[in-house]
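Chemist: Sequence and predicted structure below; questions after.
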Amino acid sequence: MEKVSFINVAIDASRNRSGGAQAHLIGILSELDPAKHCIKAVHVWAFSSLLDKLPNYPWLIKHNSVALEHSLLKQLLWQATKLDSEVKSAGCDVLFTTDASTFCCFKPMIVLSQDMLSYEPGVMRYFGYGIARLRLLTILALQNLAFKRSAGVVFLTQYAGKVIQQSCGLLPNIVYIPHGVDAIFKKTQAMKDWPEVGERPIKCIYVSNAEMYKHQWVVVEAISLLRKLGHNLELILVGSGKGAAQKLLQDAIRDCDPEGVFVKQLAFLPHKSLPELLAQADLFVFASSCENMPVTLVEAMAVGLPIACSNRGPMSEVLADGGIYFNPEEASSIASAIEQIIQFPALRLRIAVRAKFLSQQYNWKRCADETFKFITDTYYER
């Protein structure tokens, strides 16, 4: 019988600054069974605050470089000049990088694609012709280079894989592995009692930071239209913002709700606070036009909320027939979708139940198993 060799896997999480990227790393490491995948040890390179959030296992070895606690330029220089040798010195056999904008040239390398901003058709127009656009074009070039020189690429959705390969070309070794969703969301149940007319406002919630492609100001206009039609609605926007998107949102609130009656914007909230906040809502709105895989949408699905959702990007792949879709750039389209959910109780119940059922496929155990199987299979095939 052939003896199976165990390997050491390196993970570059030095660029995992967003909440979603950190949740992904924590999720797959918390659910990993290393022996199942013939893994001796997993070595993670990250900044100290992220390493502190990771689980503690004998097989999980955490590395921190001083450069990762300093400026972005120093982080990138470390990644370009030091990471390769550090991975080799640790005795690692394969590198899994969780940000495709990598300067590291270690081989073999598996790349995780989590960013769509540089690729989504039409989104670039939101960023004008300044530094923001130049940054996105630089990211696109870096990511395309990383995809081409990698031994394998993990996409979160088939939509993302299709759009990105239209830019970088067909890749020979890819896999589609969606994010998981934390168990606390699946254990949380949305309120079952829909408010009677005149009893209390219908609570709509949208969880996302304010960005141009998130269209919060259009959602405010849609809620205002529905209120003019006699529907008693209130809107909670969870997530702060800045720049042009926040200004458009503030202008919309000033014009549509000058007395502060029905719109409230909440700033940063701890992730652990979201399940309870979602459970207190009646309806979830998701109006983004650019996503790789929408985490907050999946969290709302898991809670069992009826969902009015953008018809762009991978949203219909993720939500399928568990929601009512709209054009996120048209207030009348958003209003029409929300009104259907309000007016038809059977439809409302059906999509809420369906969305919760569909959310069961998004779990960290599956994500961990499929991710590390792909990493090890790719290594052995080479």
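Modeler: Perfect, thanks for sending it.

Chemist: From now on I want contacts and neighbour counts done on CA atoms only, so please keep to that.
Modeler: Fine.

Chemist: What ranges does the protein have for its strands?
Modeler: Secondary structure of the chain (DSSP state E): strands at 7-12, 39-45, 60-63, 94-97, 109-113, 152-155, 174-176, 202-207, 233-238, 263-266, 283-286, 307-310, 324-326.

Chemist: For these, give me a markdown table that also has distance to Lys187 and mean pLDDT.
Modeler: Shown next, in a markdown table, are the strands of the chain (distance: least, CA to CA, whole Å; pLDDT from 0 to 100):
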| stretch | distance to Lys187 | mean pLDDT |
| --- | --- | --- |
| strand 7-12 | 30 | 97 |
| strand 39-45 | 30 | 97 |
| strand 60-63 | 28 | 98 |
| strand 94-97 | 31 | 98 |
| strand 109-113 | 28 | 97 |
| strand 152-155 | 27 | 98 |
| strand 174-176 | 26 | 98 |
| strand 202-207 | 19 | 97 |
| strand 233-238 | 21 | 97 |
| strand 263-266 | 24 | 94 |
| strand 283-286 | 18 | 98 |
| strand 307-310 | 18 | 98 |
| strand 324-326 | 24 | 98 |
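
Chemist: okay, those in a markdown table with distance to Leu76 and mean neighbour count next?
Modeler: Putting the strands of the chain into a markdown table (distance: least, CA to CA, whole Å; neighbours: other CA atoms under 10 Å) gives the following:
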| stretch | distance to Leu76 | mean neighbour count |
| --- | --- | --- |
| strand 7-12 | 12 | 22 |
| strand 39-45 | 13 | 20 |
| strand 60-63 | 16 | 17 |
| strand 94-97 | 14 | 26 |
| strand 109-113 | 17 | 25 |
| strand 152-155 | 21 | 24 |
| strand 174-176 | 26 | 18 |
| strand 202-207 | 31 | 22 |
| strand 233-238 | 32 | 20 |
| strand 263-266 | 33 | 17 |
| strand 283-286 | 34 | 27 |
| strand 307-310 | 35 | 26 |
| strand 324-326 | 40 | 24 |
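
Chemist: and Glu370, which of those strands is closest to it?
Modeler: Closest approach to Glu370 among those (CA to CA): strand 174-176, 9.0 Å.

Chemist: residues in contact with the closest one?
Modeler: Gly152, Val153, Val154, Phe155, Leu156, Thr157, Gln158, Gly161, Phe374 (CA atoms under 8 Å, 6 or more residues apart in numbering).

Chemist: contacting residues around the fourth one?
Modeler: Applying CA under 8 Å, 6+ apart to Phe155 gives the contacts Leu112, Ser113, Gln114, Gly161, Ile174, Val175, Tyr176, Ile177, Pro178.

Chemist: again with the third one
Modeler: Residues counted as contacts of Val154 (CA under 8 Å, 6+ apart) are Ile110, Val111, Leu112, Ser113, Ile174, Val175, Tyr176, Ile177, Thr371.

Chemist: What's opposite the fourth one in the beta bridge?
Modeler: In this case it means Ser113. Beta-bridge partners recorded for Ser113 (DSSP bridges): Phe155.

Chemist: Can you tell me how far it is from Arg200?
Modeler: Plainly put, Ser113 is 43 Å away from Arg200 if you go by CA to CA, to the nearest Å.

Chemist: try the last one
Modeler: Using CA to CA, one obtains 46 Å as the distance from Thr371 to Arg200.

Chemist: out of these two, which sits in the more crowded spot?
Modeler: With neighbours defined as other CA atoms under 10 Å, Thr371 and Arg200 compare such that Thr371 has more, 22 against 12.

Chemist: tally of neighbours for the residue nearest to that one when sequence neighbours are not counted?
Modeler: Once flanking residues are discounted, Thr371 sits nearest to Ile177: 7.0 Å by CA to CA, 6 or more residues apart in numbering. Ile177 has 20 neighbours, counted by other CA under 10 Å.
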